[in-house]
Structures are given as C-alpha cells and as structure tokens.
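Colleague: Whatever this is, show me its structure:
(one chain, ligands or ions: 1)
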Amino acid sequence: MKLPIFAANWKMNHGPTDARAFVKSFLAHYPRQQDRKVVFFPNALSVTTVAEAVRDRPDLAVGVQNIHFEDKGAFTGENSAPMARDAGATHVLVGHSERRHVFGESDAAAGQKVQAALRAGLTPVLCVGELLAEREAGETEAVVLRQLRAGVAGLEAPQVAGMLFAYEPVWAIGTGRTATPADANAVHVAIRAALREAIGERAMGVPILYGGSVSRSNAPLLLAEEEIDGVLVGGASLDADGWNAIVRA
Ligand code: PEP
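Modeller: Just a heads-up that it's a prediction; the model follows:
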C-alpha cells in the first residue's frame with residue numbers, strides 16, 4: 001500500500017533561522033505517524049538545518065527544490081545532486097513549473113536532472129503540468145505526457161518505479177484556483193496509464209501527487225480520489241500550524 005505523501009515546497013521562503021523555528025513548532029504538535037510521509041523542500045540554504053531537525057523522524061524527509069545536472073564544476077550559483085545529498089536531502093523537485101516557466105528550463109533539462117538525482121541516490125519528484133492556454137486548447141494530456149516522457153527518457157524500469165511524480169497545473173499554482181478533484185484525478189489516470197505503458201505493473205506503486213493551491217479545506221477532497229497519492233503544497237505549507245492541519249488530513 002502506498003503511504004500518502006505530503007510535500008511542502010517552501011520556494012524562496014524560510015531561511016535557516018525561520019526554518020529552525022518552523023520545524024520546532026511543527027514537531028511540537030506532530031508526533032511520529034506510521035501512515036503518512038511528510039517531505040519538506042526548503043531553499044538550499046536551509047536544507048541542513050531542516051535535515052538535522054528531523055533526523056530522528058523516519059516519517060519526515062527533506063529535499064531540495066532544484067539541482068544542476070552536472071555533479072560539480074564552474075556553474076556559479078548552482079547546487080548539485082551529490083551536494084544536496086551531503087547536506088541531508090533525500091529528495092529533489094525536478095521541473096517545477098517555476099523552473100520551467102520562470103527560468104526557462106526545458107523538458108530535456110528536466111530529464112538530465114532526473115538522471116543526476118538518481119546517480120546521487122536522491123529521489124526525484126518530477127513535476128508536470130499544463131498552462132491555462134494549453135488546458136483551454138484541450139492539450140492538457142499531450143503536454144503532461146510529453147513532459148513525463150522527456151523526464152524519464154533513457155531510464156530503466158526500476159529507476160522510474162522509485163521516483164515520485166507531481167501533477168501541478170500551472171494555472172492552479174499560487175492562484176487560489178484548484179483543479180476539481182475529478183479533473184485532477186483524470187490527469188493522474190492518464191499519467192498512471194503512461195507509466196504503465198513504460199514500466200508495466202510496477203507503475204501501480206508509483207506515487208503521483210497533486211499540487212496547485214492545495215489548502216486544509218480541499219486537501220481531504222483531493223486525497224479521497226483514487227489516483228491522488230499525496231499533495232505538493234506551496235503557500236499553505238509556510239505556516240507551521242496550517243501545515244500541521246493539512247498533513248493530518
Ligand atoms: C507549488 O509550489 O508546488 C505549489 C503547488 O504552490 P501553491 O500550493 O502555492 O499553489
């Protein structure tokens with residue numbers, strides 16, 4: 001059985017001091033849970049702080065929001081997968097919509113980053129999602145599956161089976177607009193089918209998260225859908241009490 005996954009993408013918020021205070025407050029009200037997993041994605045400067053704070057909690061994990069696809073070298077300002085591992089991360093977001101649409105990251109670059117993550121022993125969370133214009137043009141499935149296939153190109157089935165995926169419609173991120181649970185689930189069904197085509201029955205065990213203006217009120221409705229295995233949350237994960245309410249959904 002897949003454990004539901006609650007992933008917090010803090011984006012460019014909570015430096016080390018705030019991150020330490022957040023985790024202290026969160027842990028005070030969130031005893032160890034056997035039936036769900038929580039993954040924090042702080043900014044790179046706060047990863048070690050959060051990783052150290054949750055070290056004794058196997059139900060909690062830490063990831064980075066981005067990596068470079070090279071392991072080291074002259075790439076000023078970048079962080080590599082082995083460095084993220086060394087800092088205490090076990091997961092990495094790849095192809096988040098802000099990386100794709102604010103920083104111009106291509107489908108192919110996301111694929112290179114997935115490979116770099118796997119080389120370093122990090123679990124990639126490959127994010128896919130369509131723009132509003134693409135949805136309105138009826139291209140949602142085509143866009144999402146194109147991003148998905150580029151993200152896993154060249155991988156062996158066991159590698160894909162060890163990944164996480166997140167469907168995040170771009171028009172729903174940070175806008176307060178959420179896909180209806182049924183609409184989100186329909187895209188998850190298409191993602192599952194594409195994974196099944198690629199890696200067979202192992203696809204059934206691969207977690208597919210939903211992200212896009214998830215809140216404490218809509219999280220239970222989204223998680224009630226058959227193919228939604230967890231949530232990836234931005235804005236509503238920034239407050240320790242609010243996040244606590246969501247992960248208890
Ligand atoms: C995100 O950053 O992945 C996200 C889904 O943000 P928000 O929850 O704020 O829409």
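
Colleague: pretty sure V144 is touching E130, no?
Modeller: Yes: counting by C-beta atoms under 8 Å, E130 is a contact partner of V144 at 6.1 Å. Backbone N, C-alpha and C define where each C-beta goes, glycine included.

Colleague: Up against the ligand, what does this structure have?
Modeller: Neighbours of the ligand within the chain, by C-beta under 6 Å from any ligand atom: 9, 11, 168, 173-174, 211-214, 232-236.

Colleague: Not counting its neighbours along the chain, what's nearest V47?
Modeller: A87 (4.6 Å; C-beta to C-beta, 6 or more residues apart in numbering).

Colleague: May I have the phi/psi pair for the one you found?
Modeller: When quoted as degrees, to the nearest 10, the phi and psi of A87 stand at phi -80, psi -10.

Colleague: quick one, helices of the protein?
Modeller: 16-28, 47-53, 81-87, 97-101, 107-120, 132-136, 140-151, 157-161, 181-199, 219-223, 240-247 (DSSP state H).

Colleague: can the ones you listed go into a markdown table with extra columns for mean neighbour count and mean pLDDT?
Modeller: As requested, the helices of the chain are arranged in a markdown table below (neighbours: other C-beta atoms under 10 Å; pLDDT from 0 to 100):
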| stretch | mean neighbour count | mean pLDDT |
| --- | --- | --- |
| helix 16-28 | 16 | 97 |
| helix 47-53 | 21 | 98 |
| helix 81-87 | 19 | 98 |
| helix 97-101 | 19 | 97 |
| helix 107-120 | 21 | 98 |
| helix 132-136 | 14 | 95 |
| helix 140-151 | 19 | 98 |
| helix 157-161 | 16 | 98 |
| helix 181-199 | 18 | 97 |
| helix 219-223 | 19 | 96 |
| helix 240-247 | 18 | 96 |
